[in-house]
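> Got a sequence here, can you build the structure:
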Amino acid sequence: MPKDETEEWTLPEDARAVLRERFQELKDPVVLEVYTKKGENEEYSTLTVKFIGELTRLSSNISARFKTMDDPAAKTLGVSRSPTILIQPERNHIRVVGGPFGEEGRSFIGALIMASTGDSELSKESAEVLSQLHDARRVQVLVTTVCPYCPGQVLNAVRAAIQRPDRVWVESVDVSQFPDVAKPFNMTGVPLTVINDKLLTPGYEPEEQFIEELVTLKPAAPRVAPGEQQAVEVDIAIIGAGPAGLTAGIYAARSGLRTIVLERNVVGGQVSITPVVENWPGVQSIPGRQLMELISMQARTYVPIVEGEDVLEVKIGRYVEVISTKQRYQAKVVILAMGAVARKLGVPGEERYTGHGVSYCATCDGFFFREKAVAVVGCGNTALTDALYLKNLGASVTVVCHGPRLTADAALQESVRQGKIPVLFDTEVESITGAAQVSSVVVKDLKSGTTQTLDVAGVFVAVGSVPSNRLAVQLGVTVTPEGYVVVDRSGRTNIPRVLAAGDLTGGVRQIVTATGGGATAAVTAFQDISHPFWIPQASQG
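Residues are numbered from 1 along each chain as shown. You can find the predicted model right below:
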């Protein structure tokens, strides 16, 4: 396809600028082989051809071959769906089934760059474990374009395929474009990783855990960094990469402090799975994931952010020692910004059907419930946002509210009324039932004591959150009866050199307050490192 800059673009100018910058990382030429079939998934196929063509215009190191499903190579390679993209097929076994848009655009570009550089970016430990693989592995990662956790798991698989092209074959499949792929697995959540048609793993995993499962074909527990490992020295270690942690990273690094941000999952926290944010100052409306991408892009210009690294323990001694699944860090101050996680109902059937009809993320899993009946449990902003999102997807939604009234913002309540979404007030869930998947939910009227059964395929739980306070409790940090970390106006806890910010500290749990708390904690950390108030003045010199 000719690289004529006068051609009309479909990629926005700002996206082209970002991609041109990323493509500076390309080393060797990389070939993309695109297969399509007229009349099959035509909208996505057409967009994919256009998208890949525009990538070739953005870098001379990218070239493409466009083929139809009638080409003999399609049968030889086992390509059966349109569109399918093969990345550097002469060297690797990496394919993307479905248009690489939305969240999956991130993993596709990452895979393209790794194919060009030949660098898997695996840790030394993961590469050593993978070197012990002697048999072939076929990895399928089932994803959707709106799942923020999916790209991380896809890139886990791609790294393995780049490192061991002789043994690892990887395919990511967008099940929103090809729902029949999901049916054999009774999927109601993404990502789902299937290895050799045997091992099924839901969710995003740390790299080391994924690699161990790939080699052993058995579930693996998170690994612990070796105790004798040389510690990485920093001034500030920030645990958590949500709004508070990222903002703390920006302010700390701008103060000239050596800083690192550690995140066990993916950057963005709870905001990443918020369909729409309508109360961020200066922006009328923005998807949560997009907002966090903007904040994280700015943060990355100042501070390294490590994803998929779970902190196991924090020790206070002469230094603050942070021990993760990958590394040991020696810091002067630690900022706890682990946020909060979704609160569970604690009713029969909830645990059993989690991932099989029970979900805590409408953005991630809503696709599986189009044209189906679902219950959204909760009375607040998250519940109503989820209800509106699911209705927009085509689901038949009923809101189950335990109180006499909704507690969400007035604008959201008005949208629910206009959308004619029924709300059951003074009602709580008693149990969730079904066979292989959810088929009904039993609810109780708190006034009359009567129960009724709602025939639903899914239950989306949005009843608030609980603080991720494990590390704080281990350290002996003071917490409230509800488990929130107690801090003063400067973000200090009762333990010197341990600060906290964001939803972990309770209060008004909003994005703006989290970012403000992160900034405050970082400024305080700078002051405390410069003038350690806990050391008697006479001994500071």
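> how about stretch 363-374: buried residues?
363-369, 372, 374 (16 or more other C-beta atoms under 10 Å). From N, CA and C alone the C-beta is placed, and that goes for glycine too.
> Quick one: the strands in the stretch 401-541 of the chain, in order.
423-424, 427-434, 438-445, 451-455, 458-461, 465-467, 498-500 (DSSP state E, counting those that start in this stretch).
> got it, and the stretch 101-250 of the chain?
So, for the stretch 101-250 of the chain - with DSSP E, counting those that start in this stretch - the strands run 137-143, 168-174, 192-195, 199-202, 232-233, 236-239.
> so of these, which one's packed in deepest?
strand 236-239 (a mean of 30; mean count of other C-beta atoms under 10 Å).
> and the residue most central in space within the chain, what are its phi and psi?
Geometric centre of the chain, nearest residue: residue 149, 3.0 Å, by C-alpha atoms, centre = their mean. Torsion angles at residue 149 (phi, psi; degrees, to the nearest 10) stand at phi -90, psi -20.
> What score does it have for pLDDT?
Residue 149 carries a pLDDT value of 88.
> for it, what are its contacts?
Contacts for residue 149 were tallied using C-beta atoms under 8 Å, 6 or more residues apart in numbering; they are 190-191, 203-204, 265-266, 364.
> May I ask which two of these are separated the most?
Using C-beta to C-beta, those reach their maximum pairwise distance at 190 and 265, which is 14.2 Å.
> Correct me if wrong: residue 277 contacts residue 289.
No: counting by C-beta atoms under 8 Å, residue 277 stays clear of residue 289, with 9.7 Å between them.
> Show me whatever sits in contact with both of these two.
In contact with both residue 277 and residue 289: residue 271, using C-beta under 8 Å, 6+ apart.
> Where does residue 262 sit, in terms of helix or strand?
strand 259-263 (DSSP states H and E).
> how does the chain divide into domains?
Listed by automatic domain parsing, the domain ranges of the chain are 13-216, 233-339+466-533, 350-463.
> Nearest to residue 7, out of those domains?
When those are compared by C-beta to C-beta, domain 13-216 sits nearest residue 7, at 7.3 Å.
> what's the span of the closest one, first residue to last?
45 Å (C-alpha to C-alpha, to the nearest Å).
> chain center to that domain: distance?
Mean-position distance between domain 13-216 and its chain equals 17 Å (C-alpha atoms, centre = their mean, to the nearest Å).
> again with stretch 324-336
With C-alpha atoms, centre = their mean, you get 22 Å for stretch 324-336.
> follow-up on the earlier one: beyond the strand holding residue 262, next helix or strand please.
Downstream of strand 259-263, the first helix or strand assigned by DSSP H and E is helix 288-300.
> quick one: that next one to strand 259-263, angle?
150 degrees (axes from the mean of the first three to the mean of the last three C-alpha atoms, to 10 degrees).
> ok so, going back, okay, residue 190 and residue 265: which has more neighbours?
Each of residue 190 and residue 265 has its neighbours counted (other C-beta atoms under 10 Å); residue 190 has more, 29 against 21.
> Only the buried residues of stretch 386-393, if you could.
In stretch 386-393, counting by 16+ other C-beta under 10 Å, buried: 386-391, 393.
> How about residues contacting that stretch?
By C-beta under 8 Å, 6+ apart, the list of residues contacting stretch 386-393 reads 275-276, 362-363, 366-367, 369-370, 374, 376, 378, 397, 399, 412, 415-416, 419, 421, 460, 462.
> one more time with 6 Å
275, 362, 366, 370, 374, 376, 397, 399, 415, 419, 421, 460, 462 (C-beta atoms under 6 Å, 6 or more residues apart in numbering).
> where in the chain is pLDDT low?
Residue ranges of the chain with pLDDT under 70: 1-6, 222-229, 537-541.
> number of nearby residues for residue 68?
For residue 68, using other C-beta under 10 Å, the count is 12.
> same thing with residue 19?
Neighbour number of residue 19 under other C-beta under 10 Å is 16.
> Leaving out chain neighbours, which residue sits closest to it?
Sequence neighbours aside, residue 58 is the residue nearest to residue 19 in space, at 5.4 Å (criterion: C-beta to C-beta, 6 or more residues apart in numbering).
> Pull the contacting residues for the one you found.
Here residue 58 is in contact with 19-20, 23 (C-beta under 6 Å, 6+ apart).
> which one of these is nearest residue 112?
So of those, ranked by how close each gets to residue 112 (C-beta to C-beta), first place is residue 23, at 8.6 Å.
> gap between the closest one and residue 155?
17 Å (C-beta to C-beta, to the nearest Å).
> Who has more neighbours out of those two?
Taking neighbours as other C-beta under 10 Å, residue 23 and residue 155 compare with residue 155 leading, 25 against 19.
> pretty sure that one contacts residue 109?
No: using C-beta atoms under 6 Å, residue 155 is not in contact with residue 109, being 10.2 Å away.
> Just give the closest residue to residue 436, not the sequence neighbours.
Distances taken as C-beta to C-beta, 6+ apart put residue 186 closest to residue 436, at 5.4 Å, once the chain neighbours are dropped.
> before we move on, what about residue 430?
residue 442 (4.6 Å).
> Kindly report the same for residue 218.
Using C-beta to C-beta, 6+ apart, the closest residue to residue 218 is residue 199 (7.3 Å).
> if I read this right, that neighbour contacts residue 217, doesn't it?
Yes: with contacts counted by C-beta under 6 Å, residue 199 reaches residue 217, the gap being 5.2 Å.
> Tally up the residues packed near residue 117, please.
Residue 117 has 15 nearby residues by other C-beta under 10 Å.
> Now do the same contact list for it.
Counted by C-beta under 6 Å, 6+ apart, residue 117 has contacts residue 27.
> For residue 290, give its distance to residue 261.
Taken as C-beta to C-beta, the span from residue 290 to residue 261 is 20 Å.
> more neighbours, those two?
The neighbour comparison of residue 290 against residue 261 (other C-beta under 10 Å) goes to residue 261, with 30 against 14.
> distance of the more buried one from residue 315?
In terms of C-beta to C-beta, residue 261 sits 19 Å off from residue 315.
> number of nearby residues for the residue nearest to residue 430?
16.
> Repeat that for residue 506.
17.
> Spatially nearest residue to it, not counting backbone neighbours?
residue 484 (3.3 Å).
> Spit out the contact partners of the one you found.
So residue 484 contacts 467, 505-506 (C-beta under 6 Å, 6+ apart).
> Go ahead and list the helix or strand containing residue 321.
Counting by DSSP H and E, residue 321 is part of strand 320-324.
> Helix or strand next in line after that strand, which one?
strand 328-331.
> Check which residues of that next one are buried.
Buried, per 16+ other C-beta under 10 Å, within strand 328-331: 328-331.
> could the residues you listed be laid out in a markdown table, adding distance to residue 308?
Below are the buried residues of strand 328-331 laid out as a markdown table (distance: C-beta to C-beta, whole Å):
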| residue | distance to residue 308 |
| --- | --- |
| 328 | 17 |
| 329 | 16 |
| 330 | 21 |
| 331 | 20 |
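> where do the helices sit along the stretch 1-150 of the chain?
Assigned by DSSP state H, counting those that start in this stretch, the stretch 1-150 of the chain shows helices spanning 13-22, 42-58, 72-77, 104-117, 124-130, 150-163.
> could I get the ones you listed as TSV with distance to residue 519?
Below are these laid out as TSV (distance: least, C-beta to C-beta, whole Å):
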stretch	distance to residue 519
helix 13-22	26
helix 42-58	36
helix 72-77	52
helix 104-117	27
helix 124-130	35
helix 150-163	27
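> Kind regards, and thank you for your time.
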